[in-house]
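J.: this is a predicted model, with the sequence first.
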Amino acid sequence: MKPKALILDRDGTLIEHVPYLHEPAEVRLLPGVGEALRLARDTGAALFLHTNQSGVGRGMFGLPAAEACTERMVELLGLGPEPFRRVCIAPEAPGERSVYRKPSPEFAEEVMAEFGWSSEEICQVGDRGSDLATAAAAGIRGVGVATGLDDLRRELGELGLSERFPVFDDLLSAMHHLFPSP
């Protein structure tokens, strides 16, 4: 079944990972990301963005800086001014009380409730174990992309999730898996 919605991570999944990114000029799309998102959108899938931004909680930069980097990414994607139905920026630092910081399932659960989708109709996509641990916690589908900082396959093994979620070398390959051509 093709998903009706994708919840996508930002750093390391859609854009190059830059530690504590807060300068829009440093935003760089990963190869094939625009094509991958167009493929998903052209099938009718709704796109959502869910990103942890602990630099805000650590006092390294403010929420407006994180939002400006997301706005720059949207410009670079060239998919119009609002390619994402909703954007969730989790500003908490690790260890802080949190509602949305991954692996919290809260955002995915809100999306399912708001749009009336079942767990089989929504898929979390990301480059880190916390992204797929979010999928596991929400009971939704998940797909990994090995484009980030960490060895995602090893990380999933350590979390006991390697058998549950497929991992692809890039976002476009993951989208071809989720949205196969007829």
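T.: All right, it came through fine.
J.: can you pull the contacts of the closest residue to residue 167 other than its chain neighbours?
T.: Excluding the flanking residues, the one nearest residue 167 by Cβ to Cβ, 6 or more residues apart in numbering is residue 144, at 3.8 Å. Any C-beta I mention is one placed from the backbone N, CA and C, and that applies to glycine too. Neighbour list for residue 144: 125-127, 131-132, 152-153, 156, 165-168, 174 [criterion: Cβ atoms under 8 Å, 6 or more residues apart in numbering].
J.: quick one: residue 144 from residue 58, how far?
T.: 26 Å (Cβ to Cβ, to the nearest Å).
J.: what subset of the contacts of residue 144 is buried?
T.: Neighbour counting by 16 or more other Cβ atoms under 10 Å classes 125, 126, 127, 131, 132, 152, 156, 165, 167, 168, 174 among these as buried.
J.: rewinding a little: please name the bridge partners of the residue nearest to residue 167.
T.: residue 126, residue 167 (DSSP bridges).
J.: residue 88 belongs to a strand?
T.: Yes - secondary structure of residue 88, determined by DSSP: H, G, I helix; E, B strand; the rest coil: located in a strand.
J.: and the contacts of residue 144, which two are the farthest apart?
T.: 125 and 153 (15.5 Å; Cβ to Cβ).
J.: residue 121 and residue 19, how far apart?
T.: 34 Å.
J.: tell me how many other residues crowd residue 56.
T.: 22 (other Cβ atoms under 10 Å).
J.: the one 10 residues further on too?
T.: Other residues within reach of residue 66 by the criterion other Cβ under 10 Å amount to 22.
J.: which residues touch the closest residue to it other than its chain neighbours?
T.: Counting by Cβ to Cβ, 6+ apart, residue 53 is the residue found nearest to residue 66 once chain neighbours are left out, at 4.3 Å. Neighbour list for residue 53: 63, 66, 89, 90, 91 [criterion: Cβ under 8 Å, 6+ apart].
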